[in-house]
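[1] When you get a sec, could you give me coordinates for this:
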Amino acid sequence: MALIIRIDVDRPYGKRPFWRHVLSRLSSDACLPRIEAFGYLKELKLMLQILNENQARSYVFFRRCTLPTQPVLRLLEQGRHEIGLHLEDSRSFAGFAREKQNLERHVGRRIQAVTKHGSGGARYGYHHYAPYEPEKYVQWAQQSSMRLFLGNLEDPTTQPMTHNGSLLAYPSAFWLEPHWRDTLKFPVNWLLSRAQESDVVMLVHPENVLENPDLTAEFKRVVSNLETKIFPAFCA
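    Below is the predicted model of the structure:
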């Protein structure tokens with residue numbers, strides 16, 4: 001039994017200071033160059049360094065506007081992390097397939113894990129389709145011979161499901177950021193105990209976790225105390 005770390009890479013330039021937030025929003029709506037001098041994926045790189053130092057592995061999900069640079073790809077390779085699709089244009093299977101193929105072409109490997117950007121509330125950018133329809137993503141993932149879907153529900157006790165013996169789906173996650181978590185019912189100590197008994201998905205957003213010293217400390221505490229899991233089918 002172990003921790004399954006899910007990293008959603010939502011913002012290419014983070015959100016603070018304000019000019020980085022503006023760059024992130026512009027990048028999500030238009031095709032802008034990836035400028036590392038302006039902090040492109042800065043928080044993700046720091047998070048991957050923490051994970052690599054603790055020999056902890058993760059699934060890292062990229063949007064169309066957060067595609068990894070070569071330094072990020074090296075960190076992913078060093079830590080033997082898995083790359084997944086953070087689906088944005090979920091209007092149709094065609095949109096899903098287009099984003100998957102674009103990511104696969106960029107990273108040079110097959111993508112077998114998928115998550116959805118947003119949980120059905122606000123629309124985050126021009127290309128984003130806000131409704132959250134997990135049944136469709138499971139169907140599309142099966143149709144594309146993918147193996148893992150991680151959902152956005154907020155009850156980390158929800159059990160995983162296997163679809164047709166080929167696709168594993170975890171409907172919920174333990175959201176480390178307290179905005180999406182019942183912190184009284186599910187404190188970090190609960191996660192530390194639960195992951196000793198069963199597999200638990202922990203969802204994090206690098207720019208949210210690393211901007212908060214308390215969340216950073218909790219993240220380091222978790223990854224240094226729990227075994228992390230990558231399913232064998234995904235190993236290189």
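
[2] List the buried residues of the helix or strand bottoming out on mean pLDDT in the chain.
    Across the helices and strands of the chain, mean confidence by mean pLDDT, DSSP states H and E is lowest for helix 18-29: a mean of 85. Neighbour counts using 16 or more other Cβ atoms under 10 Å place 20, 23-25, 27-28 of helix 18-29 among the buried residues. The way it works is simple: take the backbone N, C-alpha and C, and place the C-beta from them, glycine included.

[3] Dump the residues you listed to TSV, plus distance to T66.
    Listed next are these as TSV, based on distance: Cβ to Cβ, whole Å:
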residue	distance to T66
R20	13
L23	12
S24	9
R25	13
S27	8
S28	9
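
[4] out of these, who's nearest L3?
    Nearest to L3 out of the buried residues of helix 18-29 is S24 (Cβ to Cβ; 27.9 Å).

[5] What distance do you get for that closest one to R64?
    Distance of S24 to R64, computed by Cβ to Cβ, to the nearest Å: 13 Å.

[6] okay, how far is it across stretch 194-204, tip to tip?
    With Cα to Cα, to the nearest Å as the measure, stretch 194-204 spans 18 Å from end to end.

[7] ok, now stretch 61-78?
    End-to-end distance for stretch 61-78: 17 Å, by Cα to Cα.

[8] contacting residues around that stretch?
    6-12, 24, 27-28, 34, 36, 40-41, 44-45, 48-49, 52, 60, 81, 83-86, 88-89, 99, 102-103, 106-107, 113-115, 117, 125, 127, 150 (Cβ atoms under 8 Å, 6 or more residues apart in numbering).

[9] Could you give the separation of it from the chain centroid?
    The chain centroid and the centroid of stretch 61-78 are separated by 12 Å under Cα atoms, centre = their mean, to the nearest Å.

[10] buried set for that stretch?
    Neighbour counts using 16+ other Cβ under 10 Å place 61-68, 72-73, 75-76 of stretch 61-78 among the buried residues.

[11] just stretch 84-94 next, same as before
    In terms of neighbour count (16+ other Cβ under 10 Å), stretch 84-94 has its buried residues at 84-90.

[12] of the buried residues of helix 18-29, closest to L210?
    Among these, R20 lies closest to L210 (Cβ to Cβ), at 13.0 Å.

[13] So Y170 sits against V114, correct?
    No. In this structure, Y170 is not within contact of V114 by Cβ atoms under 8 Å, at 11.7 Å.

[14] which one of those two has more residues nearby?
    V114 (28 against 21; other Cβ atoms under 10 Å).

[15] A strand includes that one, no?
    Yes. Assessed with DSSP: H, G, I helix; E, B strand; the rest coil, V114 lies in a strand.
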